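1. following is a predicted model, sequence given first.
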Amino acid sequence: MEEKQHLAESELSRREFVRLALTSLVSSAALLGASRAMEGAETTASTAHSYGALHPLLPGTVLPEGWLRTYLEKEGAQLGSKLPQISIPFTKAYWAGEETAESWWPWEQKAYWLDGATRLAVVLQDEQLVAQVRTTIDYTLAHAAADGYLGPKFFSDPKGDFHRWPHALLFRGLAAISDANFPQGTGGDAIAAAMQKHYLSDKASYGTPTRNVINIESMLWCYERTGDPRLLALAESTWQEFMKGGADPEHGNLSAQLVYADAPVECHGVTYAEVSKQPAVLYLHTGKEEYLRFAVAAQRRIFDHHMLVDGIPSTSETYRTTTALDSHETCDISDHTWAWGFLLMATGDAVWADRVERACFNAGAGAIKNDWKALQYFSCPNQFLATLNSDHNALEPGGFLMAYQPNPGKAGACCAGNVHRLYPNYVIRMWMKTNDGGLAAVLYGPSKVKTVVGPDKQQVEIEQTTHYPFDEQIHFRINTDRPVSFPLSLRIPSWCEAPQLSVNGTAFAISRTEHGFTVLHRTFHPGDVVTLTLPMKIAVTRWPQDGIAIERGPLVYSLPIQGKWVPRVEPQYTTAEYPSWELTPESAWNYGIALNEEKLEHHVEIRKSPVIESADGGWDPWENPPIALRLAARKIENWELQSNPEDANQKFTPPLPELSAVKVSETVERLVLVPYGSTHLRVTIFPGLKS
């Protein structure tokens, strides 16, 4: 009875958060009279998706190598493939015959996993995992209604709580398997045709409820592949309907709320991330500047008010402040980085890739148990314990959402499914095409891309060899059967002040474009090696409550807290092999640091360890980080875990202390900090002591 009551209250709480969503999606004259948004040049099938500055490659074109492949293989061997054998709702046949539930949530959660597992299978070329996801995908396609509707009959009639948000998630997985067409002969064209029929015959309103509008992304994917102008018209009319703010019992008339550009966002993080990118997707297919201005302005508010040190905004579940205890839902890591990828394509500005990279290398890895058998629902810069009753967030203080679990949301199982999209999408978007027939390296890591370039569409393979972001050098080996001319664009991260470039050992001057790339125009010969060096400097950033953090290049550094792992088996949600884990601290964490930012090289020592790869190139840098920082610190003697006044056994991670009210030790100790993603318990925001 208590469990049912808790779940009901949790659902109501989440709905209330969603009801507050998207308060910033209207901003000044640039952001839309709906009729004005519909003006502009027509888009035909031949020009579909031609308005972006960068263009994505099909899934499977870029393949991970080195440490990146090792990490993805670990994911695939664990929760990436095993989740459907571990926890409800993934163990049940949603999208494959299941027709009963009290809400749309189970279809949402299963669709998240289907999309992520599909993308993981594609980038790993894993035929077994492809077969696993195809079982459900093929069932859905084979059981289309006579009018084309895809999905459970249970909510084919879109009434009340049963709407089209889960379809948007499943259709992303359909799009990935269609584009990759892996293994060969799986009917990519048939998938596009089935989705086309679904959208054009469906009687549902896609402009309301709020999350229905996210189907614009799939409508336009389908438009690009079928050339059917009715799909483009449907996408634009859907946005227009959303902007009119029709009756929505969960969200109200949100689109009609006028919000100032300098105001914090007051809404649900996932909903905002998913919806606010739709104008960028529309811009890619229409070229209408109103859409792009809208999308950029909507993102700017996130960066101005809510960004945490690890690269993701505070979203638990609504956007919040930026203290050391502010957290983010793991879904928000996947969804914000996915959204920023569309802004990257639309604008061609490297800053969006910088943001994706920072989030994946810090927040992403920092929310996942290194063996890929568990993850957190909420994670944050400072977490000194992670137990089933240590959640310090406003959503559910004292709840279980900070423990490491195979399905950390339990009944709200979104994160367990959604996390699997994160790193496959990073790989898929590492390389993009440019409008002049060239290639752009937008996200770095060991990988291989094979595509065509130049006016003659000559095939080329580029192998990227690197230990980045743990090392400063990136090598690009050009493999082609004859010389080929094309522009090669390389992203220069905004944090890098003095990049260096060479070809076959000969230095080249770097000229950074206004959008953050350097472009190498030349005729490349078979075996040419381009080397990009991105020197990384140590930096200090300031945070609320006199907090300071240490960064170097794209990585944030944390003090790892040694912890005691205690397994807990929870029926329906775990197994003996995949339990929930409670983690409590067993080493000191109560340190403050004092740094002179003008003399950081004297205060922070960089320690590098040799990288020891296996014979197949395998190596997990999160488990064995090859770089660390060493610096001086002093203990704050009365900075302790918080206790529940009504239960002394219930502990919480404390906020940063008020330094005027604590005792700081005179003894100086040397701390070793490691990359944020290598930690489970950590101190990332330290109290800033006076020099």
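-> Looks like it arrived, so ask away. Since the structure is predicted, the reported quantities are computational estimates derived from the model, not experimental observations.

2. C-alpha from now on. contacts and neighbour counts both.
-> OK.

3. low-confidence bits of the chain, can you list those?
-> Along the chain, segments meeting pLDDT under 70 span 1-49, 160-162, 182-188, 246-261, 395-396, 617.

4. nearest residue to the middle of it?
-> For the chain, S334 is the residue whose C-alpha lies nearest the centre (Cα atoms, centre = their mean; 2.6 Å).

5. chain neighbours aside, what residue packs nearest to it?
-> Excluding the flanking residues, the one nearest S334 by Cα to Cα, 6 or more residues apart in numbering is L422, at 4.9 Å.

6. tell me how the protein divides into domains.
-> What the record gives for the chain is the domain set 2-429, 432-533, 538-687, from automatic domain parsing.

7. comparing those domains, which comes out most buried?
-> Greatest average neighbour count among the domains of the chain goes to domain 2-429 (a mean of 21), per mean count of other Cα atoms under 10 Å.

8. chain center to it, what's the gap?
-> Mean C-alpha position of domain 2-429 versus that of the full chain (Cα atoms, centre = their mean, to the nearest Å) differs by 9 Å.

9. what about the helices in the stretch 1-150 of the chain?
-> Taking DSSP state H, counting those that start in this stretch to define them, one finds helices in the stretch 1-150 of the chain at 2-19, 34-37, 66-77, 79-82, 105-124, 127-142.

10. would CSV of those with distance to I561 be doable?
-> Listed next are these as CSV, based on distance: least, Cα to Cα, whole Å:
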stretch, distance to I561
helix 2-19, 31
helix 34-37, 52
helix 66-77, 22
helix 79-82, 25
helix 105-124, 31
helix 127-142, 35
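
11. the ones you listed: which one's closest to F400?
-> helix 2-19 (11.7 Å; Cα to Cα).

12. can you give me the helices in the stretch 501-650 of the chain?
-> Applying DSSP H, counting those that start in this stretch to the stretch 501-650 of the chain gives helices spanning 600-603.

13. A144 reaches G151, doesn't it?
-> Yes - contact criterion Cα atoms under 8 Å: A144 and G151 qualify, at 7.1 Å.

14. A192: which element?
-> helix 188-201 (DSSP states H and E).

15. L559 - nearest residue in space that isn't next to it in sequence?
-> Using Cα to Cα, 6+ apart and skipping residues adjacent in sequence, the residue nearest L559 is L673, 4.6 Å away.

16. quickly list what the one you found is bridged to.
-> Bridge pairing for L673 (DSSP bridges) gives the partners L629.

17. now swap in N479 and tell me
-> Bridge pairing for N479 - DSSP bridges - gives E461.

18. which residues does it contact?
-> Counting by Cα atoms under 8 Å, 6 or more residues apart in numbering, N479 makes contact with V460, E461, I462, E463, H525, P526, G527, D528.

19. residues contacting the last one?
-> Going by Cα under 8 Å, 6+ apart, D528 touches R477, I478, N479, V503, N504.

20. ok, 7 Å please
-> R477, I478, N504 (Cα atoms under 7 Å, 6 or more residues apart in numbering).

21. for C267, find the nearest of the helices of the stretch 1-150 of the chain.
-> Of the helices of the stretch 1-150 of the chain, the one closest to C267 (Cα to Cα) turns out to be helix 2-19, at 6.5 Å.

22. V672 contacts A628, correct?
-> Yes - counting by Cα atoms under 7 Å, V672 does reach A628; the two are 6.5 Å apart.

23. coming back round to it: so how far is L583 from the residue nearest to S334?
-> Here L422 is placed at a distance of 24 Å from L583 (Cα to Cα, to the nearest Å).

24. then R477?
-> Taking Cα to Cα as the measure, R477 falls 44 Å from L583.

25. kindly report the same for I191.
-> 44 Å.

26. over to T684?
-> Counting by Cα to Cα, the gap from T684 to L583 is 17 Å.

27. list the contacts of the residue nearest to I612 when sequence neighbours are not counted.
-> Nearest-residue entry for I612: W619, 7.1 Å, with adjacent residues in sequence omitted and distances by Cα to Cα, 6+ apart. Neighbouring residues of W619 by Cα under 7 Å, 6+ apart: W67, T70, E613.

28. not counting its neighbours along the chain, what's nearest Q500?
-> The shortest distance from Q500 to any residue other than its chain neighbours is 5.0 Å, reached at T533 (Cα to Cα, 6+ apart).

29. that neighbour and A498 touch, don't they?
-> No - in this structure T533 lies outside contact range of A498 using Cα under 7 Å: 8.8 Å.

30. how about the helices in the stretch 351-500 of the chain?
-> Assigned by DSSP H, counting those that start in this stretch, the stretch 351-500 of the chain shows helices spanning 365-366, 414-418, 422-428.

31. any idea how far G116 is from W581?
-> For W581 relative to G116 (Cα to Cα), the value is 23 Å.

32. I meant to write T70 there.
-> Distance, T70 to G116, using Cα to Cα: 17 Å.

33. quick one: stretch 629-646 to chain centroid distance?
-> Averaging C-alpha positions (Cα atoms, centre = their mean) puts stretch 629-646 31 Å from its chain's average.

34. check stretch 623-632 too.
-> Relative to its parent chain, stretch 623-632 has a centroid offset of 25 Å by Cα atoms, centre = their mean.

35. other residues contacting it?
-> Applying Cα under 7 Å, 6+ apart, the external contacts of stretch 623-632 come out as 370, 470, 593, 603-611, 668-674, 678.

36. mind doing that once more with 8 Å?
-> 370, 470, 557, 593-594, 603-611, 668-675, 678.

37. again with stretch 74-94
-> 98, 106-107, 109-110, 116-117, 120-121, 129, 136, 371-374, 406-407, 410-411, 413, 420, 572-575, 578.

38. so T451 touches A440, yeah?
-> No - using Cα under 8 Å, T451 is not in contact with A440; the gap is 11.9 Å.

39. returning to what we had before: closest to L282 out of the helices of the stretch 1-150 of the chain?
-> Each of these has some distance to L282 by Cα to Cα; the shortest is helix 34-37, at 10.2 Å.
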